[in-house]
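J.: Okay, structure incoming, though there's no sequence with it:
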């Protein structure tokens, strides 16, 4: 546990409804997801950034590591201490590398601290599936079964009652939100699903690698992890649960030369003739109570820049009358709706707040 580079941000929050003051922590490396949590929490009406803990850089001012946070988080970084966390906090965000949070969460749950895990450690219910796709030891199966999958629009009631949330991956968030309405309508051929997914470079994390090297990614587009991406079983698990049938998908990921954003283009054969407008109506009805899902009108296809910096998922739809195939375009900001924003949305639900609280920023444009 002492070998990973970690950041833990202690947060204090109090609602205007007289809710007793609580504390929370963010545990996770110096990655983009953690820093996005800081940005969102800084303007949340019930959240306040408190102390910051880092095993690797204790004593260093947080603003020296992240100059853009000057005058926002001014105290020095501290060392991680599990006992202090359990004594001072009621909720924890874990934005750690895969394999780290599975060691921390059991300790925190024993102390009755609510946990929202942004890593992939608790997203799959099967330990065998986890080890097959993530290539290291699984968390204890009891915790895999205890975790509630935090796709906020779909599992809202379960999230409200949970103490352990498995925050969805960025690709699965965009994919599942785009596919679930048509699958649940029973209008889709479930064996025909093809997903073409593209992500900005921030999805690869802050660490240095050849993959994200400027000379390698600039003016270039790469397909990667064909048939091996760890988000495949996560996507199939949700689609299978919600459709009531075992679902397998063809899922191909691409890295594109932009900083933020995910676009998933999905193709599904339809069982009967139906117009694009009727599919749009179906999607709007499905998401009529979901503020962060915006279904575009016919002929209006979303782009990644149109959700940048926001917690929105925008969906465009088109039925090709020649092939009777539905194309679904789903776009999100991978660091917000695909990570930190959805984590805040889940924290809102867990604490009985409106799920839009602190997340109403418009997208940044251009």
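T.: Happy to help now that I have it. The shown structure was predicted, so the numbers you read here are calculated from the model rather than taken from an experiment. Numbering: from 1, shown residues only.
J.: any chance you could read off phi and psi for residue 265?
T.: Backbone torsions of residue 265, given as degrees, to the nearest 10, read phi -110, psi 120.
J.: is it true that it touches residue 329?
T.: Yes: Residue 265 is within contact range of residue 329, at 5.6 Å (criterion: C-beta atoms under 8 Å). (Glycine included, C-beta is placed from N, CA and C.)
J.: Looking only at neighbour counts, state which of these two leads.
T.: residue 329 (20 against 17; other C-beta atoms under 10 Å).
J.: which SSE is the more buried one in?
T.: Remark: residue 329 resides in strand 325-332, with elements defined by DSSP states H and E.
J.: Which element is encountered next along the chain beyond that strand?
T.: Using DSSP H and E, the first helix or strand after strand 325-332 is helix 341-350.
J.: Residues in contact with that following helix: which ones?
T.: 24, 36-37, 40-41, 44, 91, 93, 114, 116, 118, 150-152, 156, 159-160, 162, 165, 167-168, 173, 292, 310-311, 333, 335-336, 354-359 (C-beta atoms under 8 Å, 6 or more residues apart in numbering).
J.: Tell me which of those residues fall in helices.
T.: 36, 37, 40, 41, 156, 159, 160, 173 (DSSP state H).
J.: which one among these gets closest to residue 302?
T.: residue 173 (14.6 Å; C-beta to C-beta).
J.: which residues does the closest one contact?
T.: Here residue 173 is in contact with 151, 313, 332, 337, 338, 342 (C-beta under 8 Å, 6+ apart).
J.: mind redoing it with 6 Å?
T.: residue 338 (C-beta atoms under 6 Å, 6 or more residues apart in numbering).
J.: any idea how far residue 183 is from it?
T.: 16 Å (C-beta to C-beta, to the nearest Å).
J.: what two of the ones in helices among the contacts of helix 341-350 are the furthest from one another?
T.: 36 and 160 (23.6 Å).
J.: who's more crowded, these two?
T.: When neighbours are counted by other C-beta under 10 Å, residue 36 and residue 160 differ, and residue 36 comes out ahead with 25 against 15.
J.: Tell me who's in contact with the more buried one.
T.: 335, 340.
J.: Please report how far it lies from residue 134.
T.: Taking C-beta to C-beta, one finds residue 36 at 23 Å from residue 134.
J.: same question, residue 250
T.: Look at residue 250 and residue 134: by C-beta to C-beta, they are 21 Å apart.
J.: Looking at the two, which has the bigger crowd around it?
T.: Taking neighbours as other C-beta under 10 Å, residue 250 and residue 134 compare with residue 134 leading, 19 against 13.
J.: And the pLDDT for that one?
T.: In the predicted model, residue 134 carries a pLDDT score of 95.
J.: Contact partners for it?
T.: Taking C-beta under 6 Å, 6+ apart as the test, what residue 134 contacts is 98, 230.
J.: For the stretch 51-200 of the chain, which segments are assigned as helices?
T.: 62-65, 82-88, 101-110, 127-134, 141-146, 156-161, 170-184 (DSSP state H, counting those that start in this stretch).
J.: and these, which is most packed in?
T.: Burial of the helices of the stretch 51-200 of the chain is given as mean neighbour count (mean count of other C-beta atoms under 10 Å); helix 170-184 ranks first at a mean of 25.
J.: can you give me the offset of that one from its chain's centre?
T.: The chain centroid and the centroid of helix 170-184 are separated by 13 Å, computed with C-alpha atoms, centre = their mean, to the nearest Å.
J.: That one to helix 341-350, inter-axis angle?
T.: Counting by axes from the mean of the first three to the mean of the last three C-alpha atoms, to 10 degrees, helix 170-184 lies at 60 degrees to helix 341-350.
J.: Determine the angle, from 0 to 180 degrees, between helix 170-184 and strand 325-332.
T.: Going by the same axes, to 10 degrees, helix 170-184 makes 140 degrees with strand 325-332.
J.: quick one: average pLDDT of helix 170-184?
T.: 98.
J.: same question, stretch 76-85
T.: Stretch 76-85 comes out at a mean pLDDT of 72.
J.: In TSV, list the helices of the stretch 51-200 of the chain along with distance to residue 303.
T.: Formatted as TSV, the helices of the stretch 51-200 of the chain follow (distance: least, C-beta to C-beta, whole Å):
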stretch	distance to residue 303
helix 62-65	33
helix 82-88	41
helix 101-110	33
helix 127-134	31
helix 141-146	36
helix 156-161	28
helix 170-184	13
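J.: The residue lying farthest from the centre of the chain is in what secondary structure piece?
T.: Farthest-out residue of the chain from its mean C-alpha position, per C-alpha atoms, centre = their mean: residue 322, at 35.6 Å. If you go by DSSP H and E, residue 322 is not part of any helix or strand.
J.: dump the residue contacts of it.
T.: Residue 322 makes no contacts at all, as judged by C-beta under 6 Å, 6+ apart.
J.: quick one: pLDDT of it?
T.: Residue 322 carries a pLDDT score of 97 in this model.
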